[in-house]
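Undergrad: Predicted model and sequence below, questions to follow.
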Amino acid sequence: LLGGRIGRTVVLVGLMGAGKSCVGRRLAARLGLDFLDSDVEFEAASGSSISDYFARFGEAAFRDGERKVIARLLDGPPVVLATGGGAFIDPATRERIKSTGTSVWIRAELDLLLKRTVGRDHRPLLKQGDPREILGRLMEARYPVYAEADIIVDSTDEVPEATVIRVMEGL
Ligand code: S3P
């Protein structure tokens, strides 16, 4: 446990609805670390909701801002950091995460992702069409990239604490 990884920020990556924030919050409590969420930090730094930001400036601008927010957080003391689903897909952000943190892919099945993403407002990508199709396409495109994470943990439909324990076993 934590062999060689003490002092590094634990960075949770994976698709929307995988449970990064839910697992991250509980993991942080167990490790005695603060929990941060890059989506929340982005909204605080930009003074805008993610949906509004996407609508006004587009996804590329969001990725630039997200990269800066994550770099700043990685420069701080070790925390548990949940990242927005596209963060690890951006090559520069991924490099930064991999060089400074311990990355953990929280992986989940499509039906579970769908169940957990309905009616959530900070996910403009899912409003561009049928959520099942969009998530399916994102799974295809992103899973090979998430697989570059240091640790891979399945999030199933059980209590989040079970996923937390599997993450801790991997650290
Ligand atoms: C995104 C995921 C969202 C948020 C933004 C873009 C993505 O975060 O950053 O809507 O590209 O997958 P969550 O993974 O926390 O929903």
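TA: In hand now; what should we look at?
Undergrad: What helices and strands are in contact with the top strand by length along the chain?
TA: Residue-count comparison of every strand in the chain, with assignments taken from DSSP state E, identifies strand 101-107 as the longest. The contact analysis (3 or more CB pairs under 8 Å, 6 or more residues apart in numbering; DSSP states H and E) places strand 101-107 against strand 9-13, helix 131-146, strand 151-154, helix 160-170. Quick note: C-beta positions are derived from backbone N, CA and C, even for glycine.
Undergrad: In PDB, list the C-alpha atoms belonging to the longest one.
TA: This file holds the C-alpha atoms of helix 131-146, laid out as PDB (Å, rounded to 0.1, in the frame of the first residue of the first chain):
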ATOM      1  CA  PRO A 131     -26.500  10.000 -24.300                       C
ATOM      2  CA  ARG A 132     -26.200   6.200 -24.900                       C
ATOM      3  CA  GLU A 133     -24.600   6.800 -28.400                       C
ATOM      4  CA  ILE A 134     -22.400   9.600 -27.100                       C
ATOM      5  CA  LEU A 135     -21.100   7.600 -24.100                       C
ATOM      6  CA  GLY A 136     -20.600   4.600 -26.400                       C
ATOM      7  CA  ARG A 137     -18.500   6.600 -28.800                       C
ATOM      8  CA  LEU A 138     -16.500   8.200 -25.900                       C
ATOM      9  CA  MET A 139     -15.800   4.700 -24.500                       C
ATOM     10  CA  GLU A 140     -14.400   3.500 -27.800                       C
ATOM     11  CA  ALA A 141     -12.300   6.600 -28.300                       C
ATOM     12  CA  ARG A 142     -11.100   7.100 -24.700                       C
ATOM     13  CA  TYR A 143     -10.700   3.600 -23.100                       C
ATOM     14  CA  PRO A 144      -7.400   2.900 -24.800                       C
ATOM     15  CA  VAL A 145      -6.100   6.200 -23.400                       C
ATOM     16  CA  TYR A 146      -7.500   5.800 -19.900                       C
END
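Undergrad: Whether it contacts the ligand - can you check?
TA: No. Residues of helix 131-146 are not located near the ligand by CB under 6 Å from any ligand atom, the shortest gap being 6.6 Å.
Undergrad: Nice, that's everything, thank you.
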